[in-house]
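**Student:** Quick one, what's the 3D model for this:
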Amino acid sequence: MTHISDLQRRFPTLSLDLDTTLPRVRCGGDNGAIELFLRGAQLSGFTTQSGRSMLFTSSREQSQNEKLRHGGIPICFPWFGPKIGDPQAMHGFARNLEWDVAEAEEKALTLTLASDAHTLNIWPHPFRLVYRVEFEAETLRLSMKIQNTGTSAFEFELALHTYYRVADVSAIHIDGLDGKTYLDKTENYARKVQNGAVTIAGETDRVYLDSGGPITLRDGENEVRISNLGGWRSTIVWNPWQKKARAMPDLGEDDWKHFVCIESGAVAEDAMELAAGQSYQLPIEIEARATI
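**Tutor:** The predicted structure is shown next:
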């Protein structure tokens with residue numbers, strides 16, 4: 001467990017909260033700011049220079065000794081969805097472990113996570129992840145580097161499970177996926193082809209294959225452009241809709257109306273293999289725009 005006092009000594013310019021159960025760091029100011037939980041390196045907020053809160057987080061209050069809630073940008077690694085043979089182990093272990101702050105700058109954070117006895121017992125492959133979060137004005141830039149520190153190749157899945165805040169999920173349009181093949185998880189992974197813009201009119205859980213962007217989320221007068229997706233292979237679009245969302249205790253009653261997940265990933269048929277001693281870097285740029 002990271003000690004707040006140690007972080008304050010190492011990075012005196014960081015703003016740190018005093019919740020030692022779910023410690024988090026904040027950096028930035030009037031020109032934009034981010035907030036990030038050290039557990040899972042989960043980005044919980046990005047406020048743009050214009051004051052727009054781009055990321056959705058649950059409306060329910062966070063209490064001590066509680067797991068991280070739906071929202072922000074959880075990291076899924078080394079698998080996405082349920083683990084074969086253990087359906088309760090969703091989205092891998094990286095989102096549940098505490099990451100180390102390696103660097104802290106005025107508008108950037110770099111965090112790391114490396115394999116240890118605990119992870120090797122779950123997934124027997126040595127690795128190191130380096131996650132960099134940069135922001136400026138209306139733009140968030142993320143980069144994930146995966147290093148194979150072992151002596152044999154491994155296959156992995158990875159996704160940034162990004163929750164975007166929207167006014168009304170039933171009124172949004174997602175451009176950039178027209179003609180792409182997707183796996184419809186609500187219909188037992190049925191293989192389909194997207195026709196036109198993606199809209200949400202019910203429970204939606206899709207893995208778009210070979211979909212490197214750019215992608216634009218249109219939400220009334222607001223847009224989010226997702227680009228510079230070098231290395232990312234998949235795009236996951238998810239909203240649980242009313243019935244499923246209300247069975248999730250960490251979501252507010254009507255929270256489902258106000259987010260859509262557009263996740264950049266390398267999952268399912270797009271999973272990746274990394275040779276021993278090699279590394280792979282995946283960048284992404286997310287820009288908030290106004291259409292007026």
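**Student:** Going by C-alpha atoms from here, please, whenever you check contacts or count neighbours.
**Tutor:** OK.
**Student:** Following the helix-or-strand element of the chain with minimal mean pLDDT in sequence, what is the next regular element?
**Tutor:** Of all helical and strand segments in the chain, the minimum by mean pLDDT, DSSP states H and E falls on strand 86-90, at a mean of 67. As assigned by DSSP states H and E, the chain's next helix or strand after strand 86-90 is strand 100-105.
**Student:** So what's the gap between that next one and the chain middle?
**Tutor:** Counting by CA atoms, centre = their mean, to the nearest Å, strand 100-105 is centred 19 Å from the centre of its parent chain.
**Student:** That strand: partners in the sheet, and parallel or antiparallel?
**Tutor:** strand 108-114 (antiparallel) (DSSP bridges).
**Student:** Run the chain-centre distance for the strand it pairs with.
**Tutor:** That offset, for strand 108-114, works out to 14 Å (CA atoms, centre = their mean).
**Student:** Extract the CA atoms of that strand and return them as CSV.
**Tutor:** Provided in CSV are the C-alpha atoms of strand 108-114 (Å, rounded to 0.1, in the frame of the first residue of the first chain):
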residue,chain,number,x,y,z
ALA,A,108,1.4,14.7,-16.7
LEU,A,109,1.6,11.6,-14.6
THR,A,110,3.5,8.4,-15.3
LEU,A,111,2.5,5.3,-13.3
THR,A,112,3.9,1.7,-13.4
LEU,A,113,2.8,-1.8,-12.5
ALA,A,114,5.1,-4.8,-12.6
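**Student:** How many neighbouring residues does the closest residue in space to Asp210 that isn't next to it in sequence have?
**Tutor:** In space, and not counting its chain neighbours, Asp210 is closest to Arg233: 5.0 Å by CA to CA, 6 or more residues apart in numbering. By the criterion of other CA atoms under 10 Å, Arg233 has 22 neighbours.
**Student:** OK, contacts around Arg233?
**Tutor:** Applying CA atoms under 8 Å, 6 or more residues apart in numbering to Arg233 gives the contacts Leu209, Asp210, Ser211, Gly212, Ser264, Gly265, Ala266, Val267, Asp270.
**Student:** 10 Å instead?
**Tutor:** 159, 208-213, 264-267, 269-272, 282 (CA atoms under 10 Å, 6 or more residues apart in numbering).
**Student:** With Asp254 instead?
**Tutor:** Asp254 touches Ser58, Ser59, Trp241, Gln242, Ala245, Arg246, counting by CA under 10 Å, 6+ apart.
**Student:** at 8 Å instead, please
**Tutor:** Gln242.
**Student:** Could you tell me whether Tyr164 really is in a helix?
**Tutor:** No. Tyr164: not assigned to a helix; according to DSSP: H, G, I helix; E, B strand; the rest coil it is strand.
**Student:** Now do the helices in the stretch 1-150 of the chain.
**Tutor:** Here the stretch 1-150 of the chain has its helices, by DSSP state H, counting those that start in this stretch, at 4-10, 117-122.
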